[in-house]
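Enquirer: give me a model of this one.
(chains A, B and C)
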Amino acid sequence: MATFLSGRPTPQIAADLLGKQLVLKTSQGEIRAWITEAEAYLGAQDAGAHAFKNHQTARNAALWLPAGTIYIYQMRTQFLLNLVTQAAGTPECVLIRGIEPATGLALMQRNRPVPLENLTTGPGKLMQALGLDKQLNGTPLSDETLALDLTAARRPAKIMSSARIGIVNKATWTTAPLRYEVSGNPFVSKRRKRDIDIEHHGWC
DNA sequence: TGGGCGATGTTCT
DNA sequence: GAACATCGCCCAG
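Expert: As a prediction, this is how the structure comes out:
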């Protein structure tokens, strides 16, 4: 798992994460969901990243831990999930912005009682659906808590890249195409209804 | 259907 | 005291 989340550039890791399965063990049961949308954050050089200029604080310290470390921080009332993608000391990560429920759907809807099409279409929403707060911040991916299952992956028919959401006034980093999504999948933030692939959800 | 905006917690200057 | 890697409501068209 840690080998999948390292050994190549973070933007490539972000694209490769699309279709991989997140697995969460809870006291209520297991939740599985495919990753549909992710953004790359490129550490010290990236003006949109928390680790810009290597500025380390109590909040973002997890970014300097090894690949496979979970980085969760709070944005207003929401929690956002990131995975560290490089060796210890290189603070790069991928932000998970969308997931498609696979199993444990009833549990997710109990955690976040909204219609399915609004359940996991954004970084804060998917954390509500998973029932996670920042307890896992700084811990490694683990079969006991949150993990990636690479064998249960699906293959995107087409991957689209675009500018990251919410990065403004950061020169070239504002427009850098570091956001990756499964084209046509309905569980992607800011997806327009007419762009949804009703039949296959954008998978092969 | 999509744009505007207010509520909101935490961190840092 | 400002700045947010957001969400959900409201309203125009």
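
Enquirer: so what's the residue count around residue A:147?
Expert: 17 (other CB atoms under 10 Å). Heads up, the C-betas are built off the backbone N, CA and C, glycines and all.

Enquirer: residue A:34 now?
Expert: Count around residue A:34 with other CB under 10 Å applied: 25.

Enquirer: measure it to residue A:86 for me?
Expert: To residue A:86, residue A:34 is 24 Å away according to CB to CB, to the nearest Å.

Enquirer: the residue in chain A positioned nearest to DNA strand B: what's it in contact with?
Expert: Here the residue of chain A nearest DNA strand B is residue A:57; by CB to the nearest atom of the strand that distance is 2.2 Å. By CB atoms under 8 Å, 6 or more residues apart in numbering, the contact list for residue A:57 is empty.

Enquirer: cool, residue A:23 as well?
Expert: Contacts for residue A:23 (CB under 8 Å, 6+ apart) come out as A:30, A:31, A:32, A:143, A:146, A:147, A:148, A:149.

Enquirer: what about residue A:63, which SS state?
Expert: Assigned by DSSP: H, G, I helix; E, B strand; the rest coil, the conformation of residue A:63 is helix.

Enquirer: an error on my part: the question was meant for residue A:107.
Expert: helix.

Enquirer: run a quick neighbour tally on it.
Expert: Neighbourhood size, residue A:107 [other CB under 10 Å]: 18.

Enquirer: next one: residue A:55
Expert: Residues lying near residue A:55 (other CB under 10 Å) number 11.

Enquirer: ok, and for the helix or strand bottoming out on mean pLDDT in chain A, which residues are buried?
Expert: Lowest by mean pLDDT, DSSP states H and E among the helices and strands of chain A is helix A:172-175, with a mean of 89. Neighbour counts over helix A:172-175 (16 or more other CB atoms under 10 Å) mark residue A:173 as buried.

Enquirer: restricting to C-alpha, output it in PDB.
Expert: Extracted in PDB, the C-alpha atoms of helix A:172-175 (Å, rounded to 0.1, in the frame of the first residue of the first chain):
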ATOM      1  CA  THR A 172       0.300  29.600 -12.000                       C
ATOM      2  CA  TRP A 173      -0.700  27.300  -9.200                       C
ATOM      3  CA  THR A 174      -4.300  28.700  -9.500                       C
ATOM      4  CA  THR A 175      -4.700  27.200 -13.000                       C
END
